[in-house]
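**Student:** Build the 3D model from these lines:
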Amino acid sequence: MAFSIEQLQAFVAAAEQGSFSAAARCLGKAQSVISVAVSHLEIDCGVDLFDRSGRTPVLTAEGRALLRDAQAILQRCEELRASAAAFSRGVETQLTLAVDAAIALESLLPHLTDFEAHFPHLELELLNPTSQDVAALVSSGRADLGVMFEQEFYPRGFNFTGIDHVEVIAVAGPSHPLALLEQVGLSDLEQHRQLARTTRTAGLNRIQELQGGRCWRLESQHGILTLARAGFGWAYLPRAFVSEDLARARLIALPLAFQQVDIQAGIDLVWSRERAPGPAVRWLIERLSG
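**Tutor:** Predicted structure coming up:
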């Protein structure tokens with residue numbers, strides 16, 4: 001069996017338009033060309049695709065079954081053409097985005113939806129590091145872009161821009177002594193263990209770590225969450241990250257007496273100066289930082 005794309009196009013157009021003449025107008029071809037193409041496809045397939053006994057051709061049972069396959073083949077052909085055209089313009093075949101595990105992916109969904117529409121054939125790899133090692137992934141080239149909590153200092157060779165802020169609150173498990181206080185002062189926090197984030201990457205500061213207090217440091221934000229629930233200490237965590245735990249009373253937001261305004265943690269987009277970004281990476285940088 002040997003058939004051409006042109007034959008499939010004629011068959012699909014005739015079926016969708018309802019007649020050979022309408023298919024000819026749709027494809028910008030002569031009606032005879034459409035009729036011959038469909039006839040040759042029927043010969044190649046060994047079945048009648050249309051019943052021509054009436055004034056207009058009507059799909060046979062075999063024609064209806066094969067129409068779905070023909071439509072799928074033509075769709076894949078269009079995707080192939082679009083992919084080839086994109087790659088000829090220098091668009092990347094794959095992009096890796098590393099997002100800090102404590103940052104809610106929901107905030108990125110509108111951008112990813114538009115990204116998919118602009119680059120439908122690009123393969124996206126999404127990493128969720130369990131620490132501030134987002135920077136290490138970008139520095140090593142394992143990730144093209146990183147989304148992470150802002151740092152006071154970044155490694156040399158980094159580009160970064162602020163893209164968002166999240167509210168950070170102090171929390172503890174419901175059985176923790178701090179959760180029983182009507183107001184929590186700085187001295188109260190210092191008397192109890194803090195659960196804070198650490199990193200394998202030298203040169204990145206620790207976020208919201210109380211100076212002078214007792215501290216357990218964990219690489220994973222989820223690890224901090226687990227220990228806080230169990231009463232091992234108190235922690236600063238993004239409100240969006242612990243919203244479900246607050247709603248189910250697995251954690252308590254501590255009423256800090258010294259806090260007059262919400263604590264905001266900045267979120268940065270980071271990428272390497274050492275590698276020239278491709279079109280898809282540039283698009284994401286512009287979209288996320290815009």
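
**Student:** rest of the way, CA atoms for contacts and neighbours
**Tutor:** Will do.

**Student:** Could you list the low-confidence segments of the stretch 101-250 of the chain?
**Tutor:** Low-confidence segments of the stretch 101-250 of the chain, defined by pLDDT under 70: 130-132, 199-213.

**Student:** quick one, strands of it?
**Tutor:** Counting by DSSP state E, counting those that start in this stretch, the segments of the stretch 101-250 of the chain that form strands are 123-127, 145-149, 158-172, 194-197, 215-218, 235-238.

**Student:** What residues of the third one count as buried?
**Tutor:** By neighbour count on 16 or more other CA atoms under 10 Å, the buried set for strand 158-172 is Phe160, Gly162, Ile163, Asp164, Val166, Val168, Ile169, Ala170, Val171, Ala172.

**Student:** which residues does the fifth one contact?
**Tutor:** For Val166, the residues meeting the contact criterion (CA atoms under 8 Å, 6 or more residues apart in numbering) are Pro238, Arg239, Ala240, Gln264, Ala265, Gly266, Ile267.

**Student:** Any idea what the first one is bridged to?
**Tutor:** Translated: Pro238. Val168 (DSSP bridges).

**Student:** From Ala249, how far out is Ala136?
**Tutor:** 36 Å (CA to CA, to the nearest Å).

**Student:** Look at those two and report which has more neighbours.
**Tutor:** Neighbours per residue (other CA atoms under 10 Å) separate Ala136 from Ala249, with Ala136 holding more: 16 against 13.

**Student:** Let's check: the centremost residue of this protein is which one?
**Tutor:** Centroid check for the chain by CA atoms, centre = their mean gives Leu112 as the closest residue, at 4.8 Å.

**Student:** if I look at Ser35, how far off is Ala276?
**Tutor:** 52 Å.

**Student:** out of the two, which sits in the more crowded spot?
**Tutor:** Legend: neighbour count by other CA under 10 Å for Ser35 and Ala276, higher for Ser35 (20 against 10).

**Student:** For that one, what is the enclosing helix or strand?
**Tutor:** Assessed by DSSP states H and E, Ser35 sits inside helix 31-45.

**Student:** Next: Gln9.
**Tutor:** Using DSSP H and E, Gln9 falls within helix 5-17.

**Student:** who does the very next helix or strand once past that helix touch, helix- and strand-wise?
**Tutor:** Sequence-wise, the next helix or strand downstream of helix 5-17 (DSSP H and E) is helix 20-27. In terms of contacts (3 or more CA pairs under 8 Å, 6 or more residues apart in numbering; DSSP states H and E), helix 20-27 is packed against helix 5-17, helix 31-45.

**Student:** quick one: buried residues of the longest one?
**Tutor:** By neighbour count on 16+ other CA under 10 Å, the buried set for helix 31-45 is Gln31, Ile34, Ser35, Ala37, Val38, Ser39, His40, Leu41, Glu42.

**Student:** could you dump these to TSV with pLDDT and distance to Gly223?
**Tutor:** Listed next are the buried residues of helix 31-45 as TSV, based on pLDDT from 0 to 100; distance: CA to CA, whole Å:
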residue	pLDDT	distance to Gly223
Gln31	91	69
Ile34	90	66
Ser35	90	68
Ala37	92	65
Val38	91	64
Ser39	91	67
His40	92	66
Leu41	91	62
Glu42	90	64
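
**Student:** got a list of what Gly146 touches?
**Tutor:** Counting by CA under 8 Å, 6+ apart, Gly146 makes contact with Leu97, Ala98, Val99, Asp100, Val134, Ala135, Leu137, Val138, Leu269, Val270, Trp271.

**Student:** For the first one, name its beta-bridge partners.
**Tutor:** What it means is Leu97. Beta bridges link Leu97 to Leu126, Leu145, judged by DSSP bridges.

**Student:** wait, it sits on Asp144?
**Tutor:** Yes - the criterion here is CA atoms under 8 Å, and Leu97 meets it with Asp144 at 6.1 Å.

**Student:** the domain parsing of this protein - what is it?
**Tutor:** Split into domains by automatic domain parsing, the chain comes to 5-88, 90-290.

**Student:** Can you tell me how far Ala117 is from Val184?
**Tutor:** 49 Å.

**Student:** Extract the C-alpha trace of stretch 153-165 and format it as PDB.
**Tutor:** Taking C-alpha atoms only, stretch 153-165 is exported to PDB below (Å, rounded to 0.1, in the frame of the first residue of the first chain):
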ATOM      1  CA  PHE A 153      24.800  37.100  47.000                       C
ATOM      2  CA  TYR A 154      24.900  34.900  44.000                       C
ATOM      3  CA  PRO A 155      27.900  33.000  42.500                       C
ATOM      4  CA  ARG A 156      29.900  34.800  39.900                       C
ATOM      5  CA  GLY A 157      28.600  34.400  36.400                       C
ATOM      6  CA  PHE A 158      24.900  34.600  37.300                       C
ATOM      7  CA  ASN A 159      22.100  36.800  35.900                       C
ATOM      8  CA  PHE A 160      19.100  37.200  38.100                       C
ATOM      9  CA  THR A 161      16.000  39.300  38.300                       C
ATOM     10  CA  GLY A 162      13.100  39.500  40.900                       C
ATOM     11  CA  ILE A 163       9.800  38.100  39.600                       C
ATOM     12  CA  ASP A 164       7.600  37.700  42.700                       C
ATOM     13  CA  HIS A 165       7.200  37.800  46.400                       C
END
